[in-house]
Each structure stands twice: as C-alpha cells, then as structure tokens.
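Asker: have a look at this prediction, sequence included:
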Amino acid sequence: MATAAHVGITRNQRRANGYEPEFQLLLACCRIEVDASEAAALFAAPLNWELVLKLAERHRLLAPLYTFLREREDVPGSIRSAIRARFEGNALRGLRFSAELARIAGRFADHKIDVLAHKGPALAQFLYGDPAMRQFGDLDFLVRVQDVSRAKALLRELSYESRVQLSPRQERAYLRSGYEYVFGTHAEQNLLELQWQVLPRFYSIAFEMESLFERSVEIEVQGFRLRTLGKEDLMLVLCVHAAKHEWSQLGMVRDIAALARWDVDWDWIESEARRLGILRILGISFLLGRNLVGVRMPEVMIEPGCEELAARIQFSLVHEVKLETESLRYFRVMRRVRERWRDRVRLIWRLAITPSVGEWQAIRIPDSLFPLYRGVRAVRLLRRLYSRS
C-alpha cells in the first residue's frame, strides 16, 4: 500500500516547495542525512534523468549524485551505469590533476617559492578526503606578489603558457589591480591559475595575503604534503568566491555547508568578516546553506537585508538565471551584497577607472601617457554595460 501511495504522487505535488523534482534530488544529494520516506518520495514518479545529469554537471554535483544513487534499487540500472561512468571519468580527471598539483608544488618547493594550493584537488581533499568527491576544472595556486615573476618563469619551464603577454609597465599595473594569470598548454588553454590575491582590487575586499600564508595548514594530496588555507580563512574565501559568481552553482553552497559542519572558530570568522566588510556576503551564504542544504549556520552573522537578497539569489540559482558578470544587474548585486557604503563606493569607482587587459589590448598608448587608459576603460565599460543591460 505504501508503494502504491508513493506512485500516486504527481509531479506537481512534488513541486509544492517551488523546486522541480530533479533539483530536489540534487538538494538531497548535498545533505548529510535524508530519511527513508523523503528518499522514497524523490523516486515516486518518473524523473527526467537527462535533466538530472545536466543539472548535476552544471552545479558540479556528479560525485554526491553518484554516492546517493549507487545502491538504490529503485533507480534504473541503466541510469546508475551512466552516472557511474561520468563519475569515474571525473575521478580519473581528479587523479590526473592531483598528480600534476603534486608535481608543480614540488617544483615550487625546490625553488623556494612558497605557494598555497587553492580550490581544485586540494579543496576536495581538505573537505571530503578524496579529490574524486568534488568537480573542478583547473589548478589554483596562491603566491606572494613578490614571487609572481619567478613563479611564472618556473611554469614556463614546465611547458605552461600564459594567455596574456604584458609590457613591463602593464604588468606593474596589473599586479596592483588584478589577481591572477591563467596558464595552459597547446591542448588545453585554461589549466592553471596563478593568483596573488583572492579577488581583483575593484571588488574592494582586501585579504592580507601574508596572514593567509601564516595561518595556512598542511595537507597531503597524492602522497605529497603541501599547504592550503586554514579552515577559518577558507570559510571567508569560499563565501567571497561564491559571491563573485553570484552563488550560481549549488556545488559552491555544498562546499560552504561541508566546512560549516566542522569545528571552526565562528567568533574569529565574524570579527575578520566585519574587518573585511563581508558580513552580508557571509549571511547570504549561510542562508543559502540553511535553506537549500539544511545545515545549521550562525544566525548572528545574518545582517539586515540578507533574507531578501538570499531569496533573490536562491531564485536565480534554482531557475538558472544566466550569470552576466559585465552587466549592470551583476554590479548592482555586487554593490548590494556589501554592508558598508565606503566599500560600495570603492567598488563602483575602481570598476570605472581601473584599466584591465582588455583596454591594453584594445589600443596602444605610450607608457608616458599610460594614465589615459583610465579614459579608455570608462568608455569601453559604459558601452559594454549598456549593451548588456
């Protein structure tokens, strides 16, 4: 009788909370515990498995989906086989990236260049104990700004090529205003990111890089010991990274929720978030973790206005609103997620006047007239924003 009752549940009934059944399945995958009746209800009516796979790829949730479904007899065997094949492909990619991470980190160590492994397989190992349990597309290394030049030279020795070539004057400006160089090979262009800041300067979130190195911790990946962000710093960085991408992937919320289940120093996190002016960003991240993944988050960091912003962002995430990082709407959101007016003003001002690689490549100006690039930036930005608004 119980089975017959479940079969009678319609798709519209299962959409009562505003989520399509396929998205509800992904949410269940991200939770630590799902009771038997809730799990049975997920499979009570036919699911669009093609859509499930598409959503899992988009939100980078193949690993938890595979873990959730691999022993369920109420899921067709062909579906489980298809998901297992994708998971295994991702696991092999993770092993390859992990080996490359260890190789590059070893070469950095040989040359006395301090690096922090950031995101990628290091984060998967740190949060889930296995690089296969999180999807990622590249390797990320954090270095001190004074080591960028040596790190770039070493990566070139390892057959990596930078996507941009800058003049000495442009490079000096970029080290002040930018945050990363992207490297690749002939086969793949975006394989590695060398970062000396967490975000570009215009976001007006100034992490103290030396402090990140001092508070870093050691982990082991593929038998090689390397350093990564400490858990409290990692919480701040994960929330800020998710905000930069407007919390557009459920996988980002899953990572934040996974770390929130650890024994972290919430008082220190709150104090540092207040110093950085990112309390509202943390509050939104925590609300998304609570509402979507069901993890308990500290209420004290949920600033006024967070509920409304989190609801809007949650709607965009669920309904796959396209992320346009150079649209007026995006920069309005980036302004609203900051609680301090001075940070909002800095964001808009720096965005308007700080030239980027695009300006330097669009027009050549002699170094003696380098400040004119600010005008070029303003004109190009206005054109871009209004063409996409």
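Answerer: That came through, no problem. Given the structure is predicted, the values throughout are model-derived calculations rather than measurements.

Asker: residue contacts, Ser204?
Answerer: 277, 338, 343, 346-347, 350 (C-beta atoms under 8 Å, 6 or more residues apart in numbering). All C-beta atoms are positioned from the backbone trio N, CA, C, and that covers glycine.

Asker: any idea of the pLDDT on the spatially closest residue to it that is not a sequence neighbour?
Answerer: In this structure, Ser204 finds its nearest non-sequential neighbour in Arg346, 4.0 Å apart by C-beta to C-beta, 6 or more residues apart in numbering. pLDDT recorded at Arg346 is 95.

Asker: wasn't Arg346 part of a helix?
Answerer: Yes: judged by DSSP: H, G, I helix; E, B strand; the rest coil, Arg346 forms part of a helix.

Asker: ok, how many other residues are close to it?
Answerer: Using other C-beta atoms under 10 Å, Arg346 is surrounded by 19 other residues.

Asker: same thing with Leu194?
Answerer: Leu194: 23 surrounding residues under other C-beta under 10 Å.

Asker: show me what it is bridged to.
Answerer: Beta-bridge pairing of Leu194, defined through DSSP bridges, involves Phe141, Tyr181.

Asker: does the closest residue to Tyr160 other than its chain neighbours count as helix, strand or coil?
Answerer: Setting aside the residues directly before and after it, Tyr160 is nearest to Phe183 in space (C-beta to C-beta, 6+ apart), at 4.1 Å. Following three-state DSSP, Phe183 is assigned to strand.

Asker: and Phe183, what pLDDT?
Answerer: The confidence metric pLDDT takes the value 94 at Phe183.

Asker: cool, and Leu154?
Answerer: For Leu154, the model assigns a pLDDT of 96.

Asker: list buried residues within the contacts of Ser204.
Answerer: Buried members of the contacts of Ser204, counted by 16 or more other C-beta atoms under 10 Å: 277, 338, 343, 346-347.

Asker: low pLDDT regions in the protein?
Answerer: Applying pLDDT under 70 to the chain flags residues 1-17, 385-389.

Asker: quick one: residues in contact with stretch 337-347.
Answerer: 202-205, 243, 277-281, 284, 303, 305, 309, 331, 334-335.

Asker: and that stretch, C-alpha only, in CSV?
Answerer: Provided in CSV are the C-alpha atoms of stretch 337-347 (Å, rounded to 0.1, in the frame of the first residue of the first chain):
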residue,chain,number,x,y,z
VAL,A,337,25.8,42.5,-1.0
ARG,A,338,28.2,44.9,0.7
GLU,A,339,27.1,46.3,4.0
ARG,A,340,29.5,49.4,4.1
TRP,A,341,28.9,52.4,1.9
ARG,A,342,32.6,53.0,1.5
ASP,A,343,33.1,49.6,0.0
ARG,A,344,30.2,50.1,-2.4
VAL,A,345,31.7,53.5,-3.5
ARG,A,346,35.1,51.9,-3.9
LEU,A,347,33.7,49.1,-6.0
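
Asker: relative to Phe213, how far out is Leu226?
Answerer: 13 Å (C-beta to C-beta, to the nearest Å).

Asker: comparing these two, which shows the higher neighbour count?
Answerer: Remark: of Leu226 and Phe213, Leu226 carries more neighbours, 23 against 17, as counted by other C-beta under 10 Å.

Asker: residues contacting that one?
Answerer: 101-102, 105, 115, 117, 122, 218-220.

Asker: helix, strand, or coil at it?
Answerer: Under three-state DSSP, the three-state class of Leu226 is strand.

Asker: mind listing the strands for this protein?
Answerer: Remark: strands assigned in the chain by DSSP state E are 115-118, 139-143, 161-162, 180-184, 192-195, 217-221, 224-228.

Asker: okay, these in JSON lines with distance to Val75 next?
Answerer: Formatted as JSON lines, the strands of the chain follow (distance: least, C-beta to C-beta, whole Å):
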{"stretch": "strand 115-118", "distance to Val75": "35"}
{"stretch": "strand 139-143", "distance to Val75": "34"}
{"stretch": "strand 161-162", "distance to Val75": "44"}
{"stretch": "strand 180-184", "distance to Val75": "38"}
{"stretch": "strand 192-195", "distance to Val75": "37"}
{"stretch": "strand 217-221", "distance to Val75": "32"}
{"stretch": "strand 224-228", "distance to Val75": "35"}
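
Asker: so which of the ones you listed is nearest Trp268?
Answerer: Counting by C-beta to C-beta, Trp268 lies closest to strand 217-221 out of those; the figure is 14.7 Å.

Asker: against which helices or strands is that closest one packed?
Answerer: Other helices and strands packing on strand 217-221, by 3 or more C-beta pairs under 8 Å, 6 or more residues apart in numbering; DSSP states H and E, are helix 77-110, helix 120-128, strand 224-228.

Asker: give me the subset of the contacts of stretch 337-347 lying in helices.
Answerer: Among those, DSSP state H puts 243, 279-281, 284, 309, 331, 334-335 in helices.

Asker: need the buried ones from the residues you listed selected in ChimeraX.
Answerer: The ChimeraX selection below is limited to those of the ones in helices among the contacts of stretch 337-347 classed as buried (16+ other C-beta under 10 Å):
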select :243,279,280,281,284,309,331,334
